[in-house]
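Chemist: Build the 3D model from these lines:
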Amino acid sequence: MADDFKYTPKLFDIRVKPPGKEKAGDEDKRCEWDGCVAKANCKAPQSPDALNEYFWFCQKHTAEYNKAWNFFHGMSESAARSYQEAQIYGNRPTWDMRRSQQGQGKGAKGWQHRFADPLDLTGDAKFKETSTPNRRLGRLQSLAMDDLGLAHDTEPRFVRKRYLKLVKTFHPDANKGDRSTEARLQQVIRAYQILKTAKLA
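Modeler: Okay, here's the model as predicted:
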């Protein structure tokens, strides 16, 4: 009986998304995991510093990616705690608004150091360029770099060179058919696939 019902608006359809219609291009998305051709229906942030940039994975690879995800990886315990406390007020600078009789105008001290003035509009020529911090890797990418024996800020071309060298070293053909290094070879291949998916190789 419920299947026979058909919705017909009297004036105009106010629904934002009529039933049965998907967004354009959703059916074309494929899993970004290297070697996977399944439909991508889940998204995952690329790194702690790029939470608005996503990888699109199938459900299986999203679960594997999420198992290794740790936002605070690479941060000390005190740095992670201070970050969590700063999130309470949106990571904005705060100061005490109460003024004692002895400290009138105390909150205004050092105001010129609280913002950048590249054009020297205030007449204070003590502008210092702030260097942008290096992009932090996710836990999965960090472990992959460790598996290849590389520093976390290694350029992609050197990652590829290291990968090729390790494959030649651990491949059974290079070891006269000896399969004792096959597990290490699989570890190297998996690490390279993770870095390639993250566009780090």
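
Chemist: What distance do you get for the residue lying closest to Y54 once chain neighbours are set aside to M75?
Modeler: Spatial nearest neighbour of Y54, chain neighbours left out: K43 (4.0 Å); criterion: C-beta to C-beta, 6 or more residues apart in numbering. C-beta: built from backbone N, CA, C; applies to glycine. K43 sits 24 Å away from M75, going by C-beta to C-beta, to the nearest Å.

Chemist: Check W69 too.
Modeler: 14 Å.

Chemist: Over to Y7?
Modeler: Applying C-beta to C-beta, the value for Y7 to M75 is 52 Å.

Chemist: Can you name the residues that contact the most centrally placed residue in the chain?
Modeler: Geometric centre of the chain, nearest residue: S47, 1.2 Å, by C-alpha atoms, centre = their mean. S47 makes contacts with E53, R135, R136, L137, G138, Q141, A198, as judged by C-beta atoms under 8 Å, 6 or more residues apart in numbering.

Chemist: can you rerun that using 10 Å?
Modeler: The neighbourhood of S47, defined by C-beta atoms under 10 Å, 6 or more residues apart in numbering, consists of 53, 55, 69, 71, 73, 135-141, 198, 200.

Chemist: Just give me the neighbour total for A191.
Modeler: 25 (other C-beta atoms under 10 Å).

Chemist: That one reaches A68, doesn't it?
Modeler: No: under the criterion of C-beta atoms under 10 Å, A191 makes no contact with A68, lying 12.0 Å away.

Chemist: And the strands in this structure, which stretches?
Modeler: All strands of the chain, identified by DSSP state E, fall at 42-47, 50-57.

Chemist: And the shortest one, how far out from the chain middle?
Modeler: In terms of C-alpha atoms, centre = their mean, to the nearest Å, the gap separating the centre of strand 42-47 from the centre of its chain is 7 Å.

Chemist: The last one too?
Modeler: Between the mean C-alpha point of strand 50-57 and the mean C-alpha point of its chain there is a distance of 6 Å (C-alpha atoms, centre = their mean).

Chemist: Mind listing the strands it pairs with, and their directions?
Modeler: Next to strand 50-57 in the sheet, as set by DSSP bridges, lie strand 42-47 (antiparallel).

Chemist: Domain boundaries for the chain, per the record?
Modeler: Using automatic domain parsing, the domain parsing of the chain gives 25-76, 140-201.

Chemist: Let me have those domains in a markdown table, adding mean pLDDT and distance to A86 as columns.
Modeler: Listed next are these as a markdown table, based on pLDDT from 0 to 100; distance: least, C-beta to C-beta, whole Å:
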| stretch | mean pLDDT | distance to A86 |
| --- | --- | --- |
| domain 25-76 | 85 | 13 |
| domain 140-201 | 89 | 23 |
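
Chemist: Alright, I will stop here.
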